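**Q** Return a 3D structure for these sequence lines:
(one chain, ligands or ions: 1)
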Amino acid sequence: MVDIKAEPFAFPARPKQLALIVIDMQRDFAEPGGFGESLGNDVSRITKIVPDVKRLIQGFRKAGLPVIHTMECHRPDLSDLPPAKRDRGNPLLRIGDEGPMGRILIAGEPGTAILPQLAPIDGEVVIEKPGKGAFYATDLDDILKRRTITQLVFAGVTTEVCVQTTMREANDRGYECLLAEEATESYFPEFKAAAIAMIRAQGAIVGWTAHVDDILEAIHA
Ligand code: C5J
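**A** Below is the predicted model of the structure:
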């Protein structure tokens with residue numbers, strides 16, 4: 001076991017049971033013309049974390065630990081897209097609409113792809129998920145159980161939506177969760193701060209949070 005310096009107290013990592021989950025680092029959330037911008041967001045906040053997400057991914061690869069990527073996306077026929085999700089709000093473009101990077105959040109479209117700097121390499125699992133949480137309607141839990149993974153480090157976007165939802169789903173399924181603070185972002189700085197605070201409050205009620213440097217130092221120890 002190796003302790004990772006974390007809040008609200010050290011994370012007792014068991015490296016053989018640890019994986020990195022990178023949530024939704026997709027062009028649709030990070031680039032102009034994608035889903036994030038169609039909702040009125042400043043997407044430049046998301047691209048700023050790419051270097052920290054990249055060194056976390058590289059650190060896990062170097063340590064021989066699994067890296068799992070998720071993508072929020074839907075089938076081209078929209079059969080996994082509930083009207084309650086598609087018709088929400090008043091975005092410039094809805095999920096499934098044709099945008100400058102192809103159809104918004106549809107599997108296989110250019111805009112739905114993971115940012116090229118963070119692209120999965122051969123052998124890494126990619127989970128396509130129709131919901132906010134990565135356990136909903138996917139085989140993520142089976143994949144983790146088969147590999148005897150019990151602890152998850154989280155990176156990706158957005159902190160308070162898909163990252164926090166997945167952490168809560170994982171927590172309920174018995175996984176210990178650690179959020180890498182510099183490797184996650186929100187379109188709203190106050191929501192990122194609030195999510196970090198609520199995750200680690202009450203004795204790590206959802207999980208721990210830690211700095212990327214401290215995670216990397218511990219997994220290489
Ligand atoms: C959102 C996500 N915010 N990946 N998706 O719609 O957080």
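**Q** From here on, just use CA atoms for contacts and neighbour counts.
**A** Will do.
**Q** Around the ligand, which positions in the chain sit nearby?
**A** Residues of the chain lying close to the ligand (Cα under 6 Å from any ligand atom) are 24, 157, 158, 161, 162.
**Q** ranking the residues you listed by neighbours, who comes first?
**A** The most crowded member of the residues of the chain next to the ligand, judged by other Cα atoms under 10 Å, is residue 24 (29 neighbours).
**Q** my guess is that residue contacts residue 154, does it?
**A** No - look at residue 24 against residue 154 with Cα atoms under 8 Å: they stay out of range, at 11.1 Å.
**Q** does residue 168 really touch residue 208, like I thought?
**A** No - counting by Cα under 8 Å, residue 168 sits too far from residue 208 to count as a contact (11.9 Å).
**Q** Between the two, which has more neighbouring residues?
**A** Ranked by neighbour count (other Cα under 10 Å), residue 168 and residue 208 place residue 208 first, with 27 against 19.
**Q** what two of the residues of the chain next to the ligand have the greatest distance between them?
**A** 24 and 161 (10.7 Å; Cα to Cα).
**Q** Now do the end-to-end distance for stretch 200-212.
**A** From its first residue to its last, stretch 200-212 covers 16 Å (Cα to Cα, to the nearest Å).
**Q** Give me the buried positions along that stretch.
**A** Residues of stretch 200-212 classed as buried: 200, 204, 206, 207, 208, 209, 210, 211, 212 (neighbour count, 16 or more other Cα atoms under 10 Å).
**Q** Low-confidence ranges, this structure, go.
**A** The chain contains no residues with pLDDT under 70.
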